[in-house]
Each structure stands twice: as structure tokens, then as C-alpha cells.
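> Here is my input; please provide its structure:
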Amino acid sequence: MATTKWSIDPTHSEIGFKVKHMMFTNVSGKFGTYDATITTDGDNFENAAIEFSGDIASIDTANSDRDNHLKSADFFDAENHPKLTFKASSFKKINDEKYELTGDLNIRGVAKTVSFPVEYSGVLTDPWGNTKVGLSIEGKINRKDWGLNWNSALETGGVLVGEEVKLNIELQFAKQA
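Take a look at the predicted model:
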């Protein structure tokens, strides 16, 4: 079977995250600039080759001071590590709507293997004749696993920034001719 290439549709995708702030509220953010591709056997997504890269400079939490701090050496160190990347090693079909995505997530030059459940929305044709596929990913990582260790103790106990990062990723891909 011939391979099929799928390219991300950035106008219908979002790479979002949330982190606890001061131990009791969440701060949300997203990446504004990213790229992702999928290579499949025809329209069969099992064992698809999936690659993603996100530009650290495009982090947006709706607060420029916080964004600049995240880009600094205290966190992502964008000057020396301008991108985070993911390369799948496995995309296993669980059932018609669920997959498990496993691969290497590289942040700050540190690669760790992660697995996330994926909701597969199926393949359809949009009103303009483009073949699309939708994927939703929700997962968690510990930022300290990638050397994002900065924090500040609170007078009342606890820390300013939580270690757990919740991922909320909505992806739409278009089949390439």
C-alpha cells in the first residue's frame, strides 16, 4: 500500500498546557508556532510515523513577563534550545476511537519516552474537498524530568509553580496530494 502524508492544519489545531500556580489555580498556555506530520499506510493510522516540533519562542500564557521567564534559562532556555520535539516510536490502535501514542519528547536537549492516550475522530472530507483527520491528546508530564526545575517557596508552604504539566492538544491534519 502507498504511504500517505498528512500535514497539520494550524488554523484548526492547538497545543495547550496547564500548570498549577501557587498550589491552587491553573495557568494555561499554548504554543503559537509548531509543525507536525503523520505518515500512514493509506488511511490506516495504526503504526503511523508521527513527528512534532514546537517553537519555544512562541509560548503564550497571556502574560509577557511570564512568557519571557518561561523562555529563559530558568525553564526552556530558548536561546540554546529553540524547539521542543516529539518523535513517535509507536501508535497503537486500542479500538476504533482510541490509540496509544508512545515516543521521545525532547525538551532542553533531554529526551524521555512518554505515552499518551489519543482520541481518534476519524477521517472525513471537509466542505472544500480536503481529506482531514482529527486527534485529541490529553496527558501529563513532570517538568522536572526535563530539567525545568526553577521554583520559589511560598511563605504559607508549598511552591509557586507545580511540577505536573497537563497537556491538552487538539490536532487536525490534512491529507497531502
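> Val133 and Asn26: what is the separation?
Separation of Val133 from Asn26 (Cβ to Cβ, to the nearest Å): 29 Å. In this view, the C-beta of every residue, glycine as well, is placed from N, C-alpha and C.
> Quick check: buried residues in stretch 160-177?
161-162, 165-167, 169-175 (16 or more other Cβ atoms under 10 Å).
> pLDDT weak spots in the chain?
1 (pLDDT under 70).
> Okay, and which of the buried residues of stretch 160-177 map to strands?
161-162, 165-167, 169-175 (DSSP state E).
> Can you say which two of these are spatially most distant?
Val161 and Lys175 (40.0 Å; Cβ to Cβ).
> can you pull out the strands in this protein?
For the chain, the strands defined by DSSP E cover 3-8, 14-21, 25-31, 34-41, 44-55, 59-60, 83-93, 98-107, 110-125, 131-142, 161-175.
> Buried deepest among those strands, which one?
Counting by mean count of other Cβ atoms under 10 Å, strand 59-60 has the highest mean neighbour count of the strands of the chain, with a mean of 20.
> Parallel or antiparallel, which strands does it pair with?
Sheet pairing of strand 59-60 (DSSP bridges) gives strand 25-31 (antiparallel).
> Would you mind writing the CA trace of the strand it pairs with as CSV?
The C-alpha atoms that make up strand 25-31 are tabulated as CSV, following Å, rounded to 0.1, in the frame of the first residue of the first chain:
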residue,chain,number,x,y,z
THR,A,25,-5.1,27.7,40.5
ASN,A,26,-4.0,26.7,37.0
VAL,A,27,-2.2,28.9,34.5
SER,A,28,-2.8,27.9,30.9
GLY,A,29,-0.6,28.4,27.9
LYS,A,30,-0.1,27.3,24.3
PHE,A,31,2.4,27.2,21.6
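> quick one, that strand and strand 83-93 angle?
For strand 25-31 against strand 83-93, the angle by axes from the mean of the first three to the mean of the last three Cα atoms, to 10 degrees is 90 degrees.
> Need the residues that contact strand 25-31.
Identification of contacts with strand 25-31 by Cβ atoms under 8 Å, 6 or more residues apart in numbering yields 14-21, 54-55, 58-62, 66-67, 70, 166.
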